[in-house]
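>>> Pasting the sequence and the predicted model now:
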There are 2 protein chains.
Amino acid sequence: MLDGMDTQRSAPVGRPRGFDADEALENAMRVFWQNGYEGASLPDLTEAMGISRTSMYAAFGNKEELFRKALARYADGPASYGADSVAERTARGVAAVFLRGAVRSSTLPGYPTGCLSLRASVIGGEGGQTIRDLLAEWRDETSTLLSERFRRAVDEGDLAAGTSPDLLARYLMTIGNGVAIQAAGGAERADLERIVDAVLQSWPPDLSRPDEP
Amino acid sequence: MLDGMDTQRSAPVGRPRGFDADEALENAMRVFWQNGYEGASLPDLTEAMGISRTSMYAAFGNKEELFRKALARYADGPASYGADSVAERTARGVAAVFLRGAVRSSTLPGYPTGCLSLRASVIGGEGGQTIRDLLAEWRDETSTLLSERFRRAVDEGDLAAGTSPDLLARYLMTIGNGVAIQAAGGAERADLERIVDAVLQSWPPDLSRPDEP
DNA sequence: ACACTTTCGGACCGGTCGGTACGGAATTGA
DNA sequence: TCAATTCCGTACCGACCGGTCCGAAAGTGT
């Protein structure tokens, strides 16, 4: 099990790979982000990755597996604000990190605008059903994360008793998704920042029924 | 120019069309709504329309023209709330009609959930660029409509002087888009109604910079 | 030097895409 | 009855899709 004094992996037999897999995955992520799952063709991907078809298949399995890995990279990188936000000390802090993260991630210089998950999922024939499910699942995870965090906030008295954690999470997801769509449509980061600031000004939102106070 | 006593068009020569073009367009709209532009294949469309390929081409030109006509039908029908909203007497009324319309239109029983414009546009390779531009243009028109309406509200004193009509319009579009995405992801109409009610509770949003009061 | 393993590029596979050519069917006016 | 006109189903076109096969290239250990 121990390698002894040699900490770096010994070179595997066979012809060594002629490209950096991490860098290639980064570029594949950008193409999926820009074009969606079905909109990103193999030639699109392999050209951006700088490798040939067969190299991609050998290194990543197939297009769907490549997408899963690109999505994981996305969730860990540009979209990490979702998981980060729930570490905030207050519900308001969660909302602020989440919404500002959505704006930043959707308007990153040098990256496609908007959100990979939305651009890749909203569409597609029956073939893309698996991918849509995968992305819906991922968004549900974020929603659940927020919901559980808000439930804790209610328990701690940080949010008023009777607040619906689910609804509050859905509220945040709604604004965040809207921000991503606006960014994808060309909205300026500064404008979106002002909008989420306004949303945060009225935090927490009044989610009680108007006729049932 | 006058037909005399015969008000209905005289039957044109040749074999009469074997289907109702309006009904066929309605069904095509639903397919585009459900699957997006590129996600809706000709077999998908013609099967739903109940006609053959050639009939569709003869009646509507081609796939892109069919989509344009379906979009026009959508804008005049389920998505008419955008144009309707600006007829309201107050800026608050505009916001209420717009947001409630977005919820209703995105959760119409018997129709696909979400918004046709978003489902059809967010994706696509280079081929769909024309369609994306078309849809972006349509959304920009709605945004401009709202913006001009809010400008008038500022002039009339209905909104505080110094309010940015553009930013207010973008704020509404952001929420509306978010609602549509949530609906497409399976959110319940009742939940979305509570969310837009909460947004309307804090109308107008505070869109001034926090450090520049 | 040699066997072995892995990478990599080009050719190729069946399937689907949007669009079209063509010929038979159905209706009008004469 | 018979041309003229229009609709519509079938078969087909070239292009592109994701995926695979195969042989040459480039490394390893012995």
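Great, that's in hand. Numbers count the residues shown, from 1 in each chain, chains lettered A, B, ... in the order given.

>>> who in chain A is up against DNA strand D?
A:10-11, A:13-16, A:38, A:40-44, A:53-54, A:57, A:62-64 (Cβ under 7 Å from any atom of the strand). Where C-beta positions appear, they are placed from N, C-alpha and C, glycine not excepted.

>>> Can you narrow the residues you listed down to the ones near chain B?
When the residues of chain A next to DNA strand D are checked against chain B using Cβ under 8 Å from any Cβ of the partner chain, the ones in range are A:38, A:40-41, A:44.

>>> Show me just the buried residues among those residues.
Neighbour counting by 16 or more other Cβ atoms under 10 Å in any protein chain shown classes A:38, A:40, A:44 among those as buried.

>>> List the ones among those that fall in strands.
Using DSSP state E, the subset of these located in strands is empty.

>>> tell me which of those is nearest to residue B:197?
Ranked by distance to residue B:197 (Cβ to Cβ), these are led by residue A:38 at 36.6 Å.

>>> and residue A:133, how far is that from chain B?
11 Å (Cβ to the nearest Cβ, to the nearest Å).

>>> neighbours around that residue, how many?
The number of residues packed near residue A:133 is 11, by other Cβ atoms under 10 Å in any protein chain shown.

>>> With residue A:86 instead?
20.

>>> out of everything not next to it in sequence, what's closest to it?
Nearest-residue entry for residue A:86: residue A:149, 4.1 Å, with adjacent residues in sequence omitted and distances by Cβ to Cβ, 6 or more residues apart in numbering or on different chains.

>>> can I assume the one you found is in contact with residue A:93?
No: counting by Cβ atoms under 8 Å, residue A:149 stays clear of residue A:93, with 10.2 Å between them.

>>> what bits of chain A have low per-residue confidence?
A:1-10, A:122-127, A:209-213 (pLDDT under 70).

>>> for DNA strand C, what are the nearby residues on chain A?
Near DNA strand C, when you scan chain A using Cβ under 7 Å from any atom of the strand, you find A:12-19, A:51-55, A:58-59, A:125.

>>> let's go with 6 Å and repeat that
A:12-15, A:17-19, A:51-55, A:58 (Cβ under 6 Å from any atom of the strand).

>>> among those residues, who's most crowded?
Going by other Cβ under 10 Å, residue A:51 tops the residues of chain A next to DNA strand C with 23 neighbours.

>>> Can you classify residue A:159 as helix, strand or coil?
Following DSSP: H, G, I helix; E, B strand; the rest coil, the label given to residue A:159 is coil.

>>> the helices in chain A, which residues?
Using DSSP state H, the helices of chain A run over A:21-35, A:42-49, A:53-60, A:63-76, A:81-85, A:91-106, A:116-121, A:129-155, A:165-184, A:189-201.

>>> Which residue lies nearest the spatial centre of chain A?
residue A:79 (3.9 Å; Cα atoms, centre = their mean).

>>> Count the neighbours of residue A:25 for me.
Residue A:25 - counted by other Cβ under 10 Å - has 18 other residues nearby.

>>> Please name the residues that touch it.
By Cβ atoms under 8 Å, 6 or more residues apart in numbering or on different chains, the contact set of residue A:25 is A:49, A:60, A:66, A:69-70, A:73.

>>> which of these lies closest to DNA strand C?
Of all the contacts of residue A:25, the one with the least separation from DNA strand C (Cβ to the nearest atom of the strand) is residue A:49, at 10.0 Å.

>>> Surely that closest one touches residue A:19?
Yes: using Cβ under 8 Å, residue A:49 is in contact with residue A:19, at 7.4 Å.

>>> if we can go back for a sec, which residues touch the residue nearest to the centre of chain A?
Here residue A:79 is in contact with A:105, A:115-117 (Cβ under 8 Å, 6+ apart).

>>> at 10 Å what do you get?
Residue A:79 sits next to A:71, A:73, A:101-102, A:105-106, A:115-117, A:138, A:142 when contact means Cβ atoms under 10 Å, 6 or more residues apart in numbering or on different chains.

>>> Can you say which of these are buried?
Among the contacts of residue A:79, those scoring as buried are A:71, A:73, A:101-102, A:105-106, A:115-117, A:138, A:142 (criterion: 16+ other Cβ under 10 Å).

>>> Quick check: the residue of chain A nearest chain B.
As assessed by Cβ to the nearest Cβ, chain B sits closest to residue A:178 within chain A, at 3.0 Å.

>>> Apart from its chain neighbours, what residue comes closest to that residue?
Leaving aside its sequence neighbours, residue A:178 sits nearest to residue B:178 (Cβ to Cβ, 6+ apart; 3.0 Å).
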